[in-house]
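J.: Got a predicted model here, sequence first, then my questions.
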Amino acid sequence: MLKPLLLMVALGSAVIFTGCESMPSSPHVTENLQQLQNRTWIATQIGTTTIQTTPSANHIPSIQFDEATKRVSGSDGCNRIMGSYTAGTDTLQLSQLATTRMACMNNNNIDRHYNEALAKVTHYQVFGKTLKLLDRHGNLLIQFESAVQPR
């Protein structure tokens, strides 16, 4: 009698744990990813330095996350950047980042600071029109504003 009961408990546990593995992602994950992806983010702050730009400025650090291709692209304020990314609920891994190598004059090394910050990104937070890229300790690396409000 004890063996069949033990067998049923074991089988029931296996079914429950297998079911948990195949559950779809939570709505929170989907919502965060939808807010992160498929829009242009304009950098407003790198570390503690505020980036002052005018609406007509040409060389503004920016980033875009393409949901379909899982590719990241943008600008460091001088050069184009491109690579791939993996994102979770609040985690973000940028990989295979590459940049063009144009000479950048009179930009207060924003391009260098931007690329150094991108190399340290492990997490993100999205609140409406604001994106924050964070390091593994939760420190702000880069803050962005959405160029266009999503539909």
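T.: That came through, no problem.
J.: From the centre of the protein outward, give me the first residue you hit.
T.: In the chain, the C-alpha nearest the mean C-alpha coordinate belongs to residue 92, at 4.5 Å (Cα atoms, centre = their mean).
J.: That residue falls within a helix, correct?
T.: No: under DSSP: H, G, I helix; E, B strand; the rest coil, residue 92 sits outside any helix and is assigned strand.
J.: what pLDDT does it get?
T.: pLDDT, residue 92: 97.
J.: next one: residue 95
T.: Here the pLDDT value assigned to residue 95 is 95.
J.: Assumed it was part of a strand.
T.: Yes: under three-state DSSP, residue 95 sits within a strand.
J.: Show me the beta-bridge partners of it.
T.: residue 84 (DSSP bridges).
J.: and it, what does it touch?
T.: Counting by Cβ atoms under 8 Å, 6 or more residues apart in numbering, residue 95 touches 83, 84, 85, 86. Heads up, the C-betas are built off the backbone N, CA and C, glycines and all.
J.: And it, how close does it get to residue 84?
T.: As judged by Cβ to Cβ, to the nearest Å, residue 95 and residue 84 stand 5 Å apart.
J.: go on, residue 103?
T.: Residue 103 sits 27 Å away from residue 84, taking Cβ to Cβ as the criterion.
J.: who has more neighbours, these two?
T.: Between residue 103 and residue 84, residue 84 has the larger neighbour count (other Cβ atoms under 10 Å), namely 14 against 6.
J.: confidence score at the more buried one?
T.: 97.
J.: so who does it touch?
T.: Residue 84 sits next to 70, 71, 72, 94, 95, 96 when contact means Cβ under 8 Å, 6+ apart.
J.: Then residue 99?
T.: Contact analysis of residue 99 by Cβ under 8 Å, 6+ apart lists 76, 79, 80, 81, 82, 115.
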